[in-house]
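Peer 1: Output the structure for:
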Amino acid sequence: MRAIVLLTRVILTIVGGVAGYEAANLGLSYASLSNRYSLLLLGLGIVVGAAVGLVLGGVVARQVFRLGAWLERVTARVSAAALLVTSLGLVLGLGVAALASLAVRDLPVVGVFLLPLIFAAGGYLFAFLAYTRHVDIGRVLGFKNIGADRSGGDHPPKILDTSVIIDARIGDIVPTHFLEGDLVIPAFVLEELQSIADATDSQRRARGRRGLECVQHLQDTYDRVVIVDRDFPGIVEVDAKLLKLAKEMGGGILTTDYNLNKVAQIQGVTVLNVNELANALKPVLLPGESLAVRVIREGKEEDQGVAYLDDGTMVVVEGGRSKVGQEIHVQVTSVLQNPSGKMVFTKLAS
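Peer 2: Have a look, this model is predicted:
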């Protein structure tokens, strides 16, 4: 930003100096002054013009920078196809307005005043129609994978973080059509996945490659996967960038990260936690129900055994320490639900 302000100030200082010189020279044409006073007036005009340009340069540069930041935030919610179709509509509207202006420009008195109204109304009307129908127009023009704007209308975009991509269960959820709207994958998340895939540790490298394969799978099976080349150089943490992007786009975050889930809730950002979804879809077990489980190891407490259901739910069996390796029938005594998952406490069936 400092470079932009400095460059703008230099340009406007030069322009202001030239304008001051021309203004002083114009004033000399109406006054009869000696050469000494003429040079003095010209110098004063240059100094005043340059000073005004210097001051205006800083103001103009800051306003332009703010306008650019505002446009960036607004356009981040709109797809490239929507911007392109809207621009085509604006150009078409101005062309139609130019043709219409031929009929009114020669009208006495009011003709010159109608021209701006015709151009403004024509450009706005066609741009508005193009934006509201940009999906249909884009498909007619042959654009592929064109959807609604990134705000998703009634379906805000879902921004995927690194953990949910590495988890890869999102690839199984998407084909069920429970998720609607755009799935947004930021470029900085892809960079983090690539760095994990290039790690020296074999397990970490395998997780990164699984994440990259998940991204490719999503692109092949879902036509509304959007790669957003948006970054925040002033922010180092990927989680903080995700929260910033979610606020700008008005979307939610898809994650399996418990800490990111909590921070997002504190900041008022919508969170879709795949682990919470998985826990909600686990079968409901009530005290008194019977189960058939295989005890695979000893528990922490005395005489406890541990088994697992098909969905990964831990089952603690009282009196099951001696049954390790055996398939037994147990009876549910209680169910404990916590943020990390569900635990079922049972006893040996009589």
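Peer 1: List of residues touching stretch 289-304?
Peer 2: Stretch 289-304 is contacted by residues 285, 305-309, 315-332, 344, 346, 349 when judged by Cβ atoms under 8 Å, 6 or more residues apart in numbering. For every residue, glycine as well, the C-beta is placed using N, CA and C.
Peer 1: Just give me the longest strand of this structure.
Peer 2: strand 327-338 (DSSP state E).
Peer 1: which element follows that strand toward the C-terminus?
Peer 2: Using DSSP states H and E, the next helix or strand after strand 327-338 towards the C-terminus is strand 341-348.
Peer 1: Now do that following strand: distance to the chain's middle.
Peer 2: 41 Å (Cα atoms, centre = their mean, to the nearest Å).
Peer 1: which helices and strands does it pack with?
Peer 2: Applying 3 or more Cβ pairs under 8 Å, 6 or more residues apart in numbering; DSSP states H and E, we find strand 341-348 packed against helix 274-281, strand 290-294, strand 314-318, strand 327-338.
Peer 1: Can you dump the C-alpha atoms of it in CSV for me?
Peer 2: The C-alpha trace of strand 341-348 is given here as CSV (Å, rounded to 0.1, in the frame of the first residue of the first chain):
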residue,chain,number,x,y,z
GLY,A,341,-17.4,-39.7,20.3
LYS,A,342,-19.7,-42.2,22.0
MET,A,343,-18.9,-44.9,24.6
VAL,A,344,-21.2,-47.7,25.5
PHE,A,345,-21.0,-49.4,28.9
THR,A,346,-22.2,-52.9,29.1
LYS,A,347,-22.2,-56.0,31.3
LEU,A,348,-22.2,-59.7,30.5
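Peer 1: Now list the buried members of the contacts of stretch 289-304.
Peer 2: Neighbour counting with 16 or more other Cβ atoms under 10 Å marks 285, 305-307, 315-318, 320-321, 323-324, 328, 330-332, 344, 346 as buried within the contacts of stretch 289-304.
Peer 1: circling back to that earlier point, quick one: the longest strand of the chain to strand 290-294, angle?
Peer 2: Strand 327-338 and strand 290-294 meet at an angle of 100 degrees, taking axes from the mean of the first three to the mean of the last three Cα atoms, to 10 degrees as the criterion.
Peer 1: tell me the mean pLDDT for strand 327-338?
Peer 2: Here strand 327-338 scores 86 as its mean pLDDT.
Peer 1: what helices or strands is it leaning on?
Peer 2: Using 3+ Cβ pairs under 8 Å, 6+ apart: strand 327-338 touches strand 290-294, strand 314-318, strand 341-348.
Peer 1: and of those, who's closest to residue 95?
Peer 2: Of all the helices and strands packed on strand 327-338, strand 341-348 sits nearest to residue 95, with 61.7 Å by Cβ to Cβ.
Peer 1: quick one: buried residues of that closest one?
Peer 2: 341, 342, 344, 345, 346.
Peer 1: so who does the fourth one touch?
Peer 2: Under the criterion of Cβ under 8 Å, 6+ apart, the neighbours of residue 345 are 315, 316, 318, 332, 333, 334, 335, 336.
Peer 1: pretty sure the last one is touching residue 315, no?
Peer 2: No. Counting by Cβ atoms under 8 Å, residue 315 is not a contact partner of residue 336; they are 11.3 Å apart.
Peer 1: Name the residues contacting each of the two.
Peer 2: 343, 344, 345.
Peer 1: Include distance to residue 105 when you put these into CSV, please.
Peer 2: Converted to CSV, the shared contacts of residue 336 and residue 315 look like this (distance: Cβ to Cβ, whole Å):
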residue, distance to residue 105
343, 80
344, 82
345, 86
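Peer 1: Is it possible to get CSV of these that adds pLDDT and distance to residue 254?
Peer 2: Shown next, in CSV, are the shared contacts of residue 336 and residue 315 (pLDDT from 0 to 100; distance: Cβ to Cβ, whole Å):
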residue, pLDDT, distance to residue 254
343, 84, 26
344, 88, 28
345, 91, 32
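Peer 1: Please spell out which residues along the host helix or strand of residue 119 are buried.
Peer 2: If you go by DSSP H and E, residue 119 is part of helix 111-132. By neighbour count with 16+ other Cβ under 10 Å, helix 111-132 contains the buried residues 115, 118, 119, 122, 123, 126, 127, 130, 131.
Peer 1: what's the closest non-adjacent residue to residue 325?
Peer 2: Spatially, and ignoring its direct neighbours in sequence, residue 325 is nearest to residue 295 (6.9 Å; Cβ to Cβ, 6 or more residues apart in numbering).
Peer 1: scratch that, residue 9 is what I was asking about
Peer 2: Of all residues not flanking residue 9 in the chain, residue 57 sits nearest, at 3.2 Å (Cβ to Cβ, 6+ apart).
Peer 1: If we go by neighbour counts, what in the lowest-mean-pLDDT helix or strand in the chain is buried?
Peer 2: Ranked by mean pLDDT, DSSP states H and E, the weakest helix or strand in the chain is helix 134-140, scoring a mean of 75. Neighbour-count burial for helix 134-140, counted by 16+ other Cβ under 10 Å, picks out 134, 135, 137, 138.
Peer 1: Please identify which pair of these lies farthest apart.
Peer 2: The farthest-apart pair in those, when distances are taken by Cβ to Cβ, is 135 and 137, at 7.4 Å.
Peer 1: and for these two, which residues touch both?
Peer 2: By Cβ under 8 Å, 6+ apart, no residue touches both residue 135 and residue 137.
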